[in-house]
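In: how does the following fold in three dimensions:
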Amino acid sequence: MQSVPLLHDRRPDSIFAWRDGKPISTLHFLTDVLSLAEKLPANPYVLNLCADRYHFAVVFSAAMLRGQISLLPPNHTPDLIKRLAQHYPGLYCLTDGGDGLAALETVFYPDLSGVNLQKPAMPEIPAGQVAAIVFTSGSTGDPMPNEKTWGAVSRSVTVEAMRLGIYNRDDLTLLGTVPAQHMYGFESTVLIAMQGGVRLHAA
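Out: Residues are numbered from 1 along each chain as shown. Coordinates of the predicted model:
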């Protein structure tokens, strides 16, 4: 089966993201991803509520390595979360905030600062693996799920980066105003940094 690398064409020492005014290397990112992947529960679905975009990217990537699917609902109201828990057994929440969700098992983003920086190989994700399930707004009824494979979203954001003229511009940093949990913010900040060759900003 065809596979797509987790990150597009990055050297280990290249800057992947900026956080709190400090650069985070590709090597550091990959180390965080692999470390977190070992700590995740063996559940099939995750609701990624990390407000920090860097944390969001680490969780999304670690979940993919574990074969877990990220759910991106249009809101986090108690009623919708309850319905998601019913339709997606084993759904858990991972957050970097102070509170979780009462209806779901909650995991808090761990301190990964003590992880030894090694030189892991770039993970390869099967192109046909479902990476996320994105939901419609539900303005005309119940939110409808749309499965997004890793290969499909990778191609989509690569084309987007090329059209914007920022493909492989590792001198540029993306600063987003839309949360990463929103499909637009997910694609145009997190995914385009991972597959478009630009830098992510954690804010």
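In: secondary structure class for the most centrally placed residue in the chain?
Out: In the chain, the centroid-proximal residue (C-alpha atoms, centre = their mean) is residue 60; its distance is 3.0 Å. When classified by DSSP: H, G, I helix; E, B strand; the rest coil, residue 60 comes out as helix.
In: for it, which non-adjacent residue is closest in space?
Out: Of all residues not flanking residue 60 in the chain, residue 70 sits nearest, at 5.5 Å (C-beta to C-beta, 6 or more residues apart in numbering). Just so you know, the C-beta spots here come from the backbone N, C-alpha and C atoms, and that holds for glycine as well.
In: residues touching residue 109, list them.
Out: Going by C-beta atoms under 8 Å, 6 or more residues apart in numbering, residue 109 touches 50, 55, 58, 59, 94, 95, 96.
In: burial count for residue 38?
Out: Look at residue 38: counted by other C-beta atoms under 10 Å, it has 9 neighbours.
In: can you pull out the residues in contact with the helix-or-strand element of the chain with minimal mean pLDDT?
Out: Here the helix or strand of the chain ranked lowest by mean pLDDT, DSSP states H and E is helix 183-185, holding a mean of 92. Residues from elsewhere that reach helix 183-185 (C-beta under 8 Å, 6+ apart): 72, 134, 176, 178, 179.
In: hmm, residue 90 is touching residue 47, no?
Out: No - applying C-beta atoms under 8 Å, one finds residue 90 not in contact with residue 47, separated by 11.3 Å.
In: the more surrounded of those two?
Out: residue 47 (23 against 14).
In: just the CA trace of the helix or strand containing that one, in PDB.
Out: Assigned by DSSP states H and E, residue 47 belongs to strand 45-48. Extracted in PDB, the C-alpha atoms of strand 45-48 (Å, rounded to 0.1, in the frame of the first residue of the first chain):
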ATOM      1  CA  TYR A  45     -11.000   7.600  18.400                       C
ATOM      2  CA  VAL A  46      -9.700  10.800  19.900                       C
ATOM      3  CA  LEU A  47     -11.100  14.300  20.400                       C
ATOM      4  CA  ASN A  48      -8.100  16.600  20.300                       C
END
